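Colleague: Need the 3D shape of this:
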Amino acid sequence: MRALTIARRELYAYLRSPLGSAIIAGALLLDGLLFYFDGLDPKRLSAQLLTQFFYDSSAATMIAAVMLAMRLLAEERQSGTMTLLNTAPIRDRDIVLGKFISSFGMLTLMNLLTFYMPLMVYLRGKVSVGHILVGYLGMTLLGAAVTAIGLFASSLSRSQVVAAIIGAVLTASFILLWVVARAVDPPFNTFFSGLALHHENYRPFMTGTLQLDHVAYYLMVTYFFLLAATKVLEARRWR
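Modeller: Below you'll find the predicted structure:
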């Protein structure tokens, strides 16, 4: 219940500030432009266009997730209101969970606003509803993982800009693990490939294939970074 109170407070902050609207509008513009240019290729089949849509949208989702999460804890520390949260009868995990819910909720709203694009492919082409649903599930899980990474980055700094940079670097590092996987020998290549945030773990969702091990991967990444953010708050509380 306390986490939901924090989430409601943060959602109001997003709605009062132009930041949330600007981030969502920018991401939707990027999605729309990429979808338009992808659709100009007459040789691309409907399923291929839908797969490309989920690939392109994943980039906008990750960028928006880092931008939305950068202010969650850094702003509290920058404005001095973090002291009020620390002295309130609320646990650190509730603070982290509430802030995560608010940012993830905004990100989910942004992804839902793109639904008209795969709907156009569905009405004019030949794709399955399952492909669309699995693709959006993948985007949602990827967004949750990157939001948790951004929240952890926000817990490390009092500057929103620095938090955004840390979040972007961490996200990029996890994405580029597939490059490391190609450069090393077995069994390390399989290990690094399995840890990559986007490459092998996201590809099945793009093609409409639901694999529970990839679902579990994104849930574990989300949990790990939310736990890490909670531990950072606990350490700062007792300084």
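Colleague: Off-centre distance for the helix or strand harbouring residue 182?
Modeller: Taking DSSP states H and E as the definition, residue 182 sits inside helix 177-183. Between the mean C-alpha location of helix 177-183 and the chain-wide mean there is a distance of 22 Å, by CA atoms, centre = their mean, to the nearest Å.
Colleague: Which positions in that helix come out as buried?
Modeller: For helix 177-183, the neighbour count (16 or more other CB atoms under 10 Å) marks 177-178, 180-181 as buried. Every C-beta, even on glycine, is put in place using the N, C-alpha and C of the backbone.
Colleague: and if you look at stretch 137-147?
Modeller: Of all the residues in stretch 137-147, those buried under the rule 16+ other CB under 10 Å are 138-147.
Colleague: Over to stretch 226-233?
Modeller: Within stretch 226-233, the residues that count as buried by 16+ other CB under 10 Å are 226, 228-230, 232-233.
Colleague: how about those in a markdown table, adding secondary structure and distance to residue 114?
Modeller: Output for the buried residues of stretch 226-233, formatted as a markdown table (DSSP: H, G, I helix; E, B strand; the rest coil; distance: CB to CB, whole Å):
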| residue | secondary structure | distance to residue 114 |
| --- | --- | --- |
| 226 | helix | 25 |
| 228 | helix | 30 |
| 229 | helix | 28 |
| 230 | helix | 31 |
| 232 | helix | 33 |
| 233 | helix | 33 |
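Colleague: need the residues you listed in TSV with pLDDT and distance to residue 16, can you?
Modeller: Formatted as TSV, these follow (pLDDT from 0 to 100; distance: CB to CB, whole Å):
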residue	pLDDT	distance to residue 16
226	95	25
228	94	29
229	92	24
230	91	26
232	88	27
233	84	24
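Colleague: still on that earlier bit, list of residues touching the helix holding residue 182?
Modeller: 188-193, 195-200 (CB atoms under 8 Å, 6 or more residues apart in numbering).
Colleague: same thing with stretch 225-239?
Modeller: Stretch 225-239 is contacted by residues 73, 86, 92-93, 95-97, 100, 145, 148-149, 151-152, 154-156 when judged by CB under 8 Å, 6+ apart.
Colleague: Alright, I will stop here.
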